Each structure stands twice: as structure tokens, then as C-alpha cells.
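Colleague: Got a predicted structure plus its sequence, pasted below:
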Amino acid sequence: MQPIHILLLIIAYFSVLIFISYITGKSANNETFFKANNSSPWYLVAFGMIGASLSGVTFISVPGWVEAKSMSYMQMVLGYVIGYAVIGLVLLPLYYKLNLTSIYTYLEDRFGKYSYKTGASFFLISRTIGAAFRLFLVANVLQLLLFDAYGIPFWVTVSITILLIWLYTFKGGIKTIVWTDTLQTLFMLIAVGVCIYSISDELQISNLFTYVADSELSKTFFFDDVKSGNYFWKQFLSGAFIAIVMTGLDQDMMQKNLTCRNLKDAQKNMFWFTIVLVIVNFFFLALGVLLTDYAQRNGIDAHKDELFPIIATKSSLGLATAMFFLLGLIAAAYSSADSALTSLTTSFSIDILEIDKKKEKKEQEKIRKKIHVLFSFILVATILIFKYFIADASVIAKIFTFAGYTYGPLLGLYAFGLFTKLKVKDKSVPFVCIIAPILTFLISYYSKAKLGFDFGFFVLVLNGALTFLGLLLFKKK
């Protein structure tokens, strides 16, 4: 695969996205940018959310996990189903009843301003780190495959990456993203399909499902070791809570749902999104089985996150497979990052600056555009910090993992608000939400070091429980 092929692919890809932006951004205002004028077809939202949920990290990492962890990730995916049911039946009715633009406005109504600002701030920190990390991975791939060949430095690569996102989101915002995410999800799924077909053909597999079922790597359910991070109930329950928090309590994901015409459409969106997401994750894991077997048969020494990129771009599978892999990777990363930039702009504008309460409409639009540019620069700066100041990839991965800790306080806050009628001392909430993740980290670390018990993704539940208990300690009498 030559750099010119990649360059032409990128130019064609973003030309399509910018064209969509031009069409959807006509006569756009803040109502369009934040809520798409509540006119999004539910089926487009459902399909586009697949790409936003499956980021570039998932695109590369999930197939790479199969060699070491078999198909245990499916335990978590099945837990997602429970989580999405809670979103559709509990959270979406609440959001539509309150007619929210930012979902964190609920916290102000329930507890007070300090709780509101705390919840929004945790989202802003977590989503900034998460989006920057995802884009960092893609920028590294583009740097290696394309920009190094032209002598372009990494900081320019990153700036171009963010500029392209800004170009097709600055006007239409979430309305544009509903359409671009649909296209990007399609590209990603085609890429996975092409890769599965190419490897199946090389391995002369006639029936994919039979092949995967007969593989030693197809083991899915693990009930034998309760201390293991792969233990079924630990992963299943973690999956349920991760879905609730990272979709239902995440402005990025919920902003798309809130663009549907009404609650019924939003619930249909969640129902079909859940079904498709489970199927898509199965195919990612099946691809992992194929990639692992292909590498072993052909003597390719690639593991984990390197497995998929190396086989797709440097094996004998051909130029078409390499191009579709790159297309899928870019689509997966950008479908997550573009909505992140829009949701960060929305949350900061509505939750922190409260422009909808204080300014005239024209002034609101000016401020929103400035915030959009500001977060573009923040993402560039964060990615460059990953590259130049935290060079150790394992440390960067830990930072990304730590970003998950910021969702625990949101889980605790919403659980306390929805399942109790108690009031809390509003000024104490920031203190509780800072202490809970610290205690979670310490408990998780010493539990694994001293007792051999790995919380795994269950740290989210522990974090939420500690936040809930902290709120109980500071309840109003």
C-alpha cells in the first residue's frame, strides 16, 4: 500500500463528509447544532450510534483480545443488553419529560448547582481524554503509513485531523453528525466484512460460524474463577453498568437520542441499536479468531493491538483489504471523535456557561462557535501531550483506563437521584465525587496485589457505590 493510495482515500472520504455537512448545515442555528431541531429519523440515529460506540480503539483492540481472552468479551456485550434496556425504559423517558438539551441539567433540578457543575465537569474531563486517546491512535497510524513519507511532522498531522472534524461539524453540529455517523458506520462494517471474507478465503473456510464454534478460541463463558477479571457475573454486570453510564449518562451518546422526534422513536432507536450492536461485536470477535489463526499459520509475530493492522496492511491479503482496513479504522475513530467534539461544545456551552439562560440567540451562536474552536485546540494539545510528554504507550493506556473512573460518580449521582427521594448537601457533592474514584483506585489496586482479586471493569460499579454511600453520608436531615 503506497502513501498516494492512502492520501487519495482520505481526500475522497472527507470530501463526502464535507459535502454532507454542506447539505445538513444550511440555515443551521444553535437548535440545529445542539438538538438537530428534533427531526432525526430514529433508524439513522440507531445505525450511526454503532460507529460511535465502536471507536478506533475497539476496531483494533477487540479482535486482538481473542488470542489471550478467547471470546470472553461477549459476556460484557450481553450485559450491555440489560444496560440499554434501563436507558430505554428509565432514562430516556426522564430526559424527554424534562425536554433536556444537556442531560446534566437533571442534576441541577434534583440536587442543586454544585451537583450539576460537578456532573458536567466529570463528563468534560472524561470525554476529552477519551476522544484525544482515540484520535491519538489513528493519528499515529496515519503518521506511519502516510505523513512520514512526505516528511510532515506529527503535530501537523494532528492539527489536520482536528481541522477536518471541525470543518464538517462547525455549522450543523449534531444534525450533520447523525448523517455522517451513519455513513461512517457503513464504511466500518463493510471494512470488517471485507477483512472476514479475505481471511476466510485465504484459510479456505466454507462456513464461518462452524469454524468459529469449533475453534479453541471460541470459549465465551467463564464461571470457574471468581477472582479472575473474566469471571462471567463480573463482566456481565460490568457490561450492564458500563452501558448505562457510558451511553445513558453520557452527553455524547444521549445527544443523538434526543434529536429523535419523540420518546417512542428514541426507544425504537435503542431497541434496534442493541440488537445490531450485539451482532456486530460477535463478528469482531469472529474476526479475532480468524486473525489469530491466520497469524499462526503464516508465522506472523503480531499480538494484541498490532494483530489486525499488521495482517491487514503487511500480509498477502492484497491492496483492497489494506485500503478497506484503513477506511474502517478512520471511520470508527472519526464517528466517535466528531460527536465528542460536538457534545463537549454542547456541555460546556449549556452546563458551564449556561448560554441558553443568559444570552440573546445571536450572541449564543457566537459563543458556541468560539467554544467549538476552543475544544478543537484542547483536543490537539491533549493528543500532543500523549505523544511528546507521555511517550510510554502503557502509561497512555492507563490514563485512558483512568478516564473510566470519571463515570463512576455520574452513576452514583443518577442512581441516588432516581432511586431515592433524599436531598443532599449540594456543596458536599464535588468532594464526594472526587474522593470516590480515589478510594476506588486504592481498593482495586490493593485487592489485586494482596488478595489476587481483580475487579476488572467492575471498578465502575464500585466507584458508583462509593459515590452513592458518600451522598448518603451528606444527605439533608
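Modeller: Looks like it arrived, so ask away.

Colleague: How many residues are close by residue 419?
Modeller: 10 (other Cβ atoms under 10 Å). C-beta coordinates here come from the backbone N, C-alpha and C atoms, glycine included.

Colleague: what does stretch 228-247 contact?
Modeller: 53, 69, 72-73, 75-84, 86-87, 91, 221-223, 225-226, 253-254, 407-408, 410-411, 454-458, 460-461, 464 (Cβ atoms under 8 Å, 6 or more residues apart in numbering).

Colleague: give me the low-pLDDT residue ranges for the protein?
Modeller: Applying pLDDT under 70 to the chain flags the ranges 1, 55-57, 359, 390-404.

Colleague: 50 - rerun?
Modeller: Counting by pLDDT under 50, the chain has low-confidence residues at 394-396.

Colleague: in it, which helix has the most residues?
Modeller: The single longest helix within the chain, with elements called by DSSP state H, is helix 263-297.

Colleague: Can you give me the buried ones in that helix?
Modeller: 263, 265-270, 272-274, 276-277, 280-295 (16 or more other Cβ atoms under 10 Å).

Colleague: Any of the contacts of stretch 228-247 buried? List them.
Modeller: 53, 69, 72-73, 75-84, 86-87, 91, 221-222, 253-254, 407-408, 410-411, 454-458, 460-461, 464.

Colleague: Can you tell me how far residue 15 is from residue 169?
Modeller: 15 Å (Cβ to Cβ, to the nearest Å).

Colleague: cool, and residue 227?
Modeller: Counting by Cβ to Cβ, the gap from residue 227 to residue 169 is 45 Å.

Colleague: The most centrally placed residue in the chain: what's its closest spatial neighbour, skipping adjacent residues?
Modeller: In the chain, the centroid-proximal residue (Cα atoms, centre = their mean) is residue 53; its distance is 4.7 Å. Distances taken as Cβ to Cβ, 6 or more residues apart in numbering put residue 277 closest to residue 53, at 6.2 Å, once the chain neighbours are dropped.

Colleague: if I look at the one you found, how far off is residue 81?
Modeller: Relative to residue 81, and taking Cβ to Cβ, residue 277 is found at 9 Å.

Colleague: next one: residue 322
Modeller: Distance of residue 322 to residue 81, computed by Cβ to Cβ: 34 Å.

Colleague: Show residues contacting whatever helix or strand residue 13 lives in.
Modeller: Secondary structure assigned from DSSP states H and E places residue 13 in helix 3-24. Helix 3-24 has contacts (Cβ under 8 Å, 6+ apart) with 142, 145-146, 149-150, 164, 167-169, 171-172, 175-176, 179-180, 183, 187, 319, 323, 326-327, 330-331, 334.

Colleague: For the closest residue to residue 303 other than its chain neighbours, list the residues it contacts.
Modeller: Excluding its sequence neighbours, the residue lying closest to residue 303 (Cβ to Cβ, 6+ apart) is residue 67, at 6.2 Å. Each residue near residue 67 by Cβ under 8 Å, 6+ apart is listed here: 217, 288, 292, 303, 304, 307.

Colleague: One more: residue 220?
Modeller: 70, 71, 72, 74, 75.

Colleague: Report the inter-axis angle for the one helix or strand residue 322 maps to versus helix 3-24.
Modeller: Element membership for residue 322 (DSSP H and E) is helix 319-347. Orientation note: helix 319-347 sits at an angle of 40 degrees relative to helix 3-24 (axes from the mean of the first three to the mean of the last three Cα atoms, to 10 degrees).

Colleague: And the next helix or strand past helix 319-347?
Modeller: helix 355-358.

Colleague: Check which helices and strands the helix or strand just after that following helix is in contact with.
Modeller: Per DSSP H and E, the first helix or strand lying C-terminal to helix 355-358 is helix 361-388. If contacts are counted by 3 or more Cβ pairs under 8 Å, 6 or more residues apart in numbering; DSSP states H and E, helix 361-388 sits against helix 30-35, helix 113-145, helix 154-169, helix 319-347, helix 355-358.
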